[in-house]
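K.L.:
no sequence on this one, just coordinates:
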């Protein structure tokens, strides 16, 4: 999960304002649910409505949707990085075993 500052920076980039209140509200469930906080308020319609109600304008709703997208991208990126690291480790182990067998077969 990205830091609130990241969410605010992206809101500033796309909408010109940080919409801190929207981002704080969408992350309120973190205190109770931890990393599973995305189960509450993290669908596109819910986040849009939360942003709209808190700010009273459409950009607040868009900020809520951006928050959900950033969380989703961050989550997917972390999963892919873990896969890459795991696969790299497995390939290195396979390579080392293969080289060890070659050395063993050559030394007779």
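P.N.:
Great, that's in hand. Keep in mind the model is a prediction, meaning the values are calculated, not measured.
K.L.:
give me every residue that touches the residue positioned nearest the centre of the chain.
P.N.:
Relative to the mean C-alpha position of the chain, the nearest C-alpha, by C-alpha atoms, centre = their mean, is the one of residue 74, at 1.9 Å. Taking C-beta atoms under 8 Å, 6 or more residues apart in numbering, we find residue 74 in contact with 1, 2. C-beta here means a position set from N, CA and C on the backbone, and glycine is covered the same way.
K.L.:
6 Å instead?
P.N.:
Residue 74 sits next to residue 2 when contact means C-beta atoms under 6 Å, 6 or more residues apart in numbering.
K.L.:
What helix or strand is it located in?
P.N.:
Using DSSP states H and E, residue 74 maps to helix 58-106.
K.L.:
before we move on, what about residue 33?
P.N.:
Applying DSSP H and E, one finds residue 33 within helix 30-33.
K.L.:
same question for that helix, mean pLDDT?
P.N.:
Averaging pLDDT along helix 30-33 yields 76.
K.L.:
what's the burial count for the nearest residue to residue 59 once chain neighbours are set aside?
P.N.:
Distances taken as C-beta to C-beta, 6 or more residues apart in numbering place residue 15 nearest to residue 59, at 4.9 Å, with adjacent residues excluded. Neighbours of residue 15 under the rule other C-beta atoms under 10 Å: 16.
K.L.:
just checking, residue 15 touches residue 57?
P.N.:
No. Using C-beta atoms under 6 Å, residue 15 is not in contact with residue 57, being 10.0 Å away.
K.L.:
Have a look at the chain and report the helix or strand with the lowest mean pLDDT.
P.N.:
helix 30-33 (a mean of 76; mean pLDDT, DSSP states H and E).
K.L.:
ok, then the element right after that helix?
P.N.:
Downstream of helix 30-33, the next assigned helix or strand under DSSP H and E is helix 44-55.
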